[in-house]
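Novice: got a predicted structure plus its sequence, pasted below:
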Amino acid sequence: DVKVTQSSRYLVKRTGEKVFLECVQDMDHENMFWYRQDPGLGLRLIYFSYDVKMKEKGDIPEGYSVSREKKERFSLILESASTNQTSMYLCASSLFSVSSYEQYFGPGTRLTVT
Amino acid sequence: ILNVEQSPQSLHVQEGDSTNFTCSFPSSNFYALHWYRWETAKSPEALFVMTLNGDEKKKGRISATLNTKEGYSYLYIKGSQPEDSATYLCASEEASGTYKYIFGTGTRLKVLA
(Lines give C-alpha, C1' and ligand atoms only; values in the text may rest on other atoms or scores of the structure.)
Protein backbone atom coordinates (compact mmCIF):
# COMPACT_ATOMS: atom_id res chain seq x y z
CA ASP A 1 0.00 0.00 0.00
CA VAL A 2 1.10 3.51 -0.75
CA LYS A 3 1.83 5.46 2.35
CA VAL A 4 1.90 9.22 2.48
CA THR A 5 2.76 10.68 5.86
CA GLN A 6 2.69 14.24 7.10
CA SER A 7 4.85 15.48 9.93
CA SER A 8 2.08 16.78 12.18
CA ARG A 9 -1.66 16.25 12.51
CA TYR A 10 -2.18 19.51 14.40
CA LEU A 11 0.00 22.59 14.52
CA VAL A 12 -0.46 25.97 16.19
CA LYS A 13 1.81 28.82 15.13
CA ARG A 14 1.95 32.55 15.68
CA THR A 15 1.57 35.23 13.05
CA GLY A 16 4.91 35.97 11.42
CA GLU A 17 6.51 32.62 12.21
CA LYS A 18 8.14 30.54 9.52
CA VAL A 19 6.32 27.22 9.24
CA PHE A 20 7.47 23.98 7.65
CA LEU A 21 5.04 21.23 6.73
CA GLU A 22 6.71 17.99 5.72
CA CYS A 23 5.37 15.22 3.54
CA VAL A 24 6.99 11.86 2.85
CA GLN A 25 5.84 9.10 0.50
CA ASP A 26 7.28 5.60 0.33
CA MET A 27 6.25 4.43 -3.16
CA ASP A 28 8.84 6.17 -5.32
CA HIS A 29 6.21 8.45 -6.87
CA GLU A 30 7.45 11.17 -9.17
CA ASN A 31 4.64 13.65 -8.54
CA MET A 32 3.84 15.31 -5.25
CA PHE A 33 1.23 17.93 -4.40
CA TRP A 34 0.21 20.31 -1.63
CA TYR A 35 -3.43 21.31 -1.20
CA ARG A 36 -5.37 23.29 1.32
CA GLN A 37 -8.96 22.63 2.27
CA ASP A 38 -11.27 25.27 3.70
CA PRO A 39 -14.97 25.07 4.60
CA GLY A 40 -17.21 25.49 1.58
CA LEU A 41 -14.33 25.22 -0.87
CA GLY A 42 -12.89 22.23 -2.67
CA LEU A 43 -9.32 21.17 -2.22
CA ARG A 44 -7.19 23.88 -3.80
CA LEU A 45 -3.76 23.21 -5.24
CA ILE A 46 -0.94 25.29 -3.79
CA TYR A 47 2.13 23.78 -5.47
CA PHE A 48 3.13 20.56 -7.12
CA SER A 49 6.36 18.90 -8.14
CA TYR A 50 6.97 16.31 -10.85
CA ASP A 51 10.61 15.66 -10.08
CA VAL A 52 13.35 16.40 -7.58
CA LYS A 53 14.12 20.11 -7.47
CA MET A 54 11.22 20.83 -9.85
CA LYS A 55 8.17 22.78 -8.76
CA GLU A 56 5.12 24.31 -10.37
CA LYS A 57 2.69 26.84 -8.96
CA GLY A 58 -0.83 25.67 -8.41
CA ASP A 59 -3.89 27.87 -8.13
CA ILE A 60 -3.08 29.61 -4.84
CA PRO A 61 0.72 29.80 -4.38
CA GLU A 62 0.84 33.26 -2.79
CA GLY A 63 2.43 33.21 0.65
CA TYR A 64 3.88 29.73 0.19
CA SER A 65 7.03 28.14 -1.14
CA VAL A 66 8.09 24.51 -1.52
CA SER A 67 11.19 22.39 -1.50
CA ARG A 68 11.86 19.00 -3.05
CA GLU A 69 15.46 17.94 -2.43
CA LYS A 70 14.70 14.21 -2.37
CA LYS A 71 12.18 12.25 -4.36
CA GLU A 72 10.27 11.01 -1.33
CA ARG A 73 9.97 14.33 0.49
CA PHE A 74 8.05 17.47 -0.38
CA SER A 75 8.01 20.40 2.03
CA LEU A 76 5.59 23.29 2.16
CA ILE A 77 6.94 26.50 3.67
CA LEU A 78 4.98 29.43 5.01
CA GLU A 79 7.60 32.17 5.02
CA SER A 80 5.64 34.40 7.41
CA ALA A 81 2.47 32.76 8.66
CA SER A 82 -0.71 34.80 8.63
CA THR A 83 -4.12 34.10 10.11
CA ASN A 84 -5.64 33.57 6.66
CA GLN A 85 -3.37 30.56 6.29
CA THR A 86 -5.24 28.76 9.04
CA SER A 87 -6.47 25.69 7.19
CA MET A 88 -6.23 21.94 6.66
CA TYR A 89 -3.20 21.09 4.49
CA LEU A 90 -3.10 17.87 2.52
CA CYS A 91 -0.18 16.33 0.74
CA ALA A 92 -0.58 13.85 -2.13
CA SER A 93 1.61 11.85 -4.46
CA SER A 94 1.16 10.01 -7.74
CA LEU A 95 3.07 8.04 -10.31
CA PHE A 96 4.12 9.58 -13.56
CA SER A 97 2.08 7.48 -15.95
CA VAL A 98 0.49 7.59 -19.40
CA SER A 99 -2.81 6.60 -17.76
CA SER A 100 -4.74 8.66 -15.32
CA TYR A 101 -2.73 9.92 -12.42
CA GLU A 102 -4.43 8.63 -9.29
CA GLN A 103 -3.32 10.67 -6.32
CA TYR A 104 -2.71 9.18 -2.87
CA PHE A 105 -3.23 11.45 0.09
CA GLY A 106 -1.74 11.92 3.51
CA PRO A 107 -3.95 12.40 6.59
CA GLY A 108 -3.64 16.17 6.62
CA THR A 109 -2.19 18.79 8.94
CA ARG A 110 -4.59 21.17 10.60
CA LEU A 111 -2.70 24.42 10.99
CA THR A 112 -3.93 27.23 13.21
CA VAL A 113 -2.20 30.60 13.00
CA THR A 114 -2.97 32.91 15.93
CA ILE B 1 -10.14 27.04 -14.54
CA LEU B 2 -12.61 24.17 -14.52
CA ASN B 3 -15.59 24.45 -12.21
CA VAL B 4 -16.57 21.19 -10.55
CA GLU B 5 -19.81 21.18 -8.58
CA GLN B 6 -21.21 18.55 -6.27
CA SER B 7 -24.71 18.14 -4.92
CA PRO B 8 -26.12 17.87 -2.43
CA GLN B 9 -23.70 19.57 -0.07
CA SER B 10 -24.75 17.25 2.75
CA LEU B 11 -27.38 14.69 3.52
CA HIS B 12 -28.57 12.36 6.24
CA VAL B 13 -30.00 8.95 5.41
CA GLN B 14 -31.24 6.06 7.48
CA GLU B 15 -29.28 2.84 7.65
CA GLY B 16 -30.40 0.60 4.79
CA ASP B 17 -31.45 3.45 2.50
CA SER B 18 -29.89 3.80 -0.91
CA THR B 19 -28.61 7.19 -1.97
CA ASN B 20 -26.81 8.97 -4.76
CA PHE B 21 -24.81 12.14 -5.33
CA THR B 22 -23.97 14.18 -8.39
CA CYS B 23 -20.72 15.62 -9.67
CA SER B 24 -20.90 18.11 -12.55
CA PHE B 25 -17.85 19.15 -14.52
CA PRO B 26 -17.09 21.01 -17.75
CA SER B 27 -17.01 18.44 -20.54
CA SER B 28 -14.47 20.25 -22.71
CA ASN B 29 -10.87 19.04 -22.48
CA PHE B 30 -11.94 16.23 -20.13
CA TYR B 31 -9.50 13.45 -19.31
CA ALA B 32 -10.66 11.63 -16.17
CA LEU B 33 -13.06 11.82 -13.25
CA HIS B 34 -12.02 10.67 -9.79
CA TRP B 35 -14.14 9.84 -6.74
CA TYR B 36 -12.67 9.83 -3.23
CA ARG B 37 -14.08 8.98 0.17
CA TRP B 38 -12.76 11.08 3.05
CA GLU B 39 -13.56 9.86 6.53
CA THR B 40 -12.95 12.11 9.49
CA ALA B 41 -9.35 11.96 10.77
CA LYS B 42 -8.25 9.77 7.86
CA SER B 43 -6.68 10.29 4.44
CA PRO B 44 -8.94 10.67 1.41
CA GLU B 45 -9.20 7.24 -0.16
CA ALA B 46 -9.56 6.70 -3.90
CA LEU B 47 -12.78 4.97 -4.90
CA PHE B 48 -12.93 5.16 -8.68
CA VAL B 49 -11.29 6.70 -11.69
CA MET B 50 -13.28 6.83 -14.92
CA THR B 51 -12.23 8.08 -18.31
CA LEU B 52 -14.69 6.91 -20.96
CA ASN B 53 -18.21 8.08 -21.62
CA GLY B 54 -20.59 5.46 -20.25
CA ASP B 55 -18.04 4.03 -17.82
CA GLU B 56 -19.52 2.28 -14.82
CA LYS B 57 -17.45 1.18 -11.85
CA LYS B 58 -18.46 -0.80 -8.78
CA LYS B 59 -16.85 -1.55 -5.45
CA GLY B 60 -19.07 -3.51 -3.09
CA ARG B 61 -22.21 -1.46 -2.44
CA ILE B 62 -20.80 1.64 -4.10
CA SER B 63 -20.96 2.30 -7.82
CA ALA B 64 -20.40 5.23 -10.15
CA THR B 65 -21.30 6.23 -13.68
CA LEU B 66 -19.83 8.76 -16.06
CA ASN B 67 -21.34 10.89 -18.81
CA THR B 68 -18.61 12.94 -20.44
CA LYS B 69 -20.84 14.43 -23.15
CA GLU B 70 -23.08 16.20 -20.66
CA GLY B 71 -20.44 16.52 -17.95
CA TYR B 72 -21.74 14.60 -14.95
CA SER B 73 -21.03 11.59 -12.80
CA TYR B 74 -23.26 9.85 -10.27
CA LEU B 75 -22.11 7.99 -7.18
CA TYR B 76 -24.56 5.45 -5.77
CA ILE B 77 -24.53 3.75 -2.40
CA LYS B 78 -26.86 0.80 -2.01
CA GLY B 79 -28.09 -0.10 1.47
CA SER B 80 -26.16 2.61 3.32
CA GLN B 81 -24.35 1.63 6.51
CA PRO B 82 -23.05 3.89 9.31
CA GLU B 83 -19.48 3.16 8.16
CA ASP B 84 -20.34 4.84 4.84
CA SER B 85 -20.53 8.17 6.69
CA ALA B 86 -17.86 10.36 5.11
CA THR B 87 -17.33 13.22 2.71
CA TYR B 88 -17.35 12.09 -0.92
CA LEU B 89 -15.16 14.16 -3.21
CA CYS B 90 -15.04 14.20 -6.96
CA ALA B 91 -12.20 15.66 -8.99
CA SER B 92 -11.94 16.34 -12.68
CA GLU B 93 -8.65 15.91 -14.45
CA GLU B 94 -8.16 17.74 -17.72
CA ALA B 95 -6.25 16.55 -20.75
CA SER B 96 -3.36 18.92 -20.37
CA GLY B 97 -0.70 16.63 -18.95
CA THR B 98 -0.29 18.85 -15.92
CA TYR B 99 -1.37 16.18 -13.39
CA LYS B 100 -3.75 18.70 -11.90
CA TYR B 101 -7.12 17.85 -10.42
CA ILE B 102 -9.97 20.29 -9.88
CA PHE B 103 -11.97 19.22 -6.84
CA GLY B 104 -15.59 19.77 -6.01
CA THR B 105 -16.57 20.88 -2.52
CA GLY B 106 -17.75 17.40 -1.56
CA THR B 107 -20.95 15.77 -0.36
CA ARG B 108 -21.03 15.08 3.37
CA LEU B 109 -22.99 11.89 4.07
CA LYS B 110 -24.23 10.87 7.50
CA VAL B 111 -25.85 7.46 7.82
CA LEU B 112 -28.03 7.17 10.90
CA ALA B 113 -28.25 3.82 12.67
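Specialist: Arrived safely. Residues are numbered from 1 along each chain as shown, chains lettered A, B, ... in the order given.
Novice: remind me which residues of the chain are low pLDDT?
Specialist: Using chain A. For chain A, the stretches flagged by pLDDT under 70 are A:1-2, A:97-101.
Novice: should've been chain B
Specialist: In the predicted model, chain B carries pLDDT under 70 at residues B:1-2, B:96-99.
Novice: so which residue is dead centre in chain A?
Specialist: With distances taken as Cα atoms, centre = their mean, residue A:34 lies nearest the centre of chain A, 2.6 Å away.
Novice: for it, helix, strand, or coil?
Specialist: strand (DSSP: H, G, I helix; E, B strand; the rest coil).
Novice: then residue B:83?
Specialist: On the three-state scheme (three-state DSSP), residue B:83 is labelled helix.
Novice: how about residue A:84?
Specialist: Classification of residue A:84 using three-state DSSP returns helix.
Novice: ok, it to chain B distance?
Specialist: With the distance defined as Cβ to the nearest Cβ, to the nearest Å, residue A:84 ends up 19 Å from chain B. (Glycine included, C-beta is placed from N, CA and C.)
Novice: so what's the closest residue in space to residue A:10 that isn't next to it in sequence up against?
Specialist: Counting by Cβ to Cβ, 6 or more residues apart in numbering or on different chains, the nearest residue to residue A:10 once its immediate chain neighbours are dropped is residue A:110, at 5.2 Å. Shown in contact with residue A:110 (Cβ atoms under 8 Å, 6 or more residues apart in numbering or on different chains): A:9, A:10, A:11, A:87, A:88, A:89.
Novice: which ones are touching whichever residue of chain A sits closest to chain B?
Specialist: Among residues of chain A, the one nearest chain B by Cβ to the nearest Cβ turns out to be residue A:42. It sits 3.6 Å away. Counting by Cβ under 8 Å, 6+ apart, residue A:42 touches B:4, B:89, B:91, B:102, B:103, B:104, B:105, B:106.
Novice: narrow these to those in strands?
Specialist: Restricting the contacts of residue A:42 to those inside strands, with DSSP state E as the criterion, leaves B:89, B:91, B:102, B:103.
Novice: among those, which ones lie close to chain A?
Specialist: Checking the ones in strands among the contacts of residue A:42 against chain A by Cβ under 8 Å from any Cβ of the partner chain, the ones in range are B:89, B:91, B:102, B:103.
Novice: tell me the phi and psi of residue B:57?
Specialist: The main-chain torsion angles of residue B:57 are listed as degrees, to the nearest 10 and equal phi -130, psi 150.
Novice: likewise for residue A:69?
Specialist: Dihedral angles phi and psi of residue A:69 (degrees, to the nearest 10) take the values phi -90, psi -30.
Novice: near chain A, which residues of chain B are found?
Specialist: The interface of chain B toward chain A, taken as Cβ under 8 Å from any Cβ, is made up of B:1, B:4, B:31-32, B:34, B:36, B:41-46, B:49, B:51, B:89, B:91, B:93, B:98-106.
Novice: and the buried ones among those, selectable in PyMOL?
Specialist: Isolation of the buried members of those (16 or more other Cβ atoms under 10 Å in any protein chain shown) is achieved in PyMOL through the command below:
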select buried, chain B and resi 4+32+34+36+43+44+46+49+89+91+93+99+100+101+102+103+104+105+106
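Novice: OK, now which residue of chain B is nearest to chain A?
Specialist: When distances are taken as Cβ to the nearest Cβ, chain B reaches nearest to chain A at residue B:103, 3.6 Å away.
Novice: distance of the closest residue to that residue other than its chain neighbours from residue B:85?
Specialist: The spatially closest residue to residue B:103, leaving aside those adjacent along the chain, is residue A:42, at 3.6 Å (Cβ to Cβ, 6+ apart). Residue A:42 sits 20 Å away from residue B:85 when distances are taken as Cβ to Cβ, to the nearest Å.
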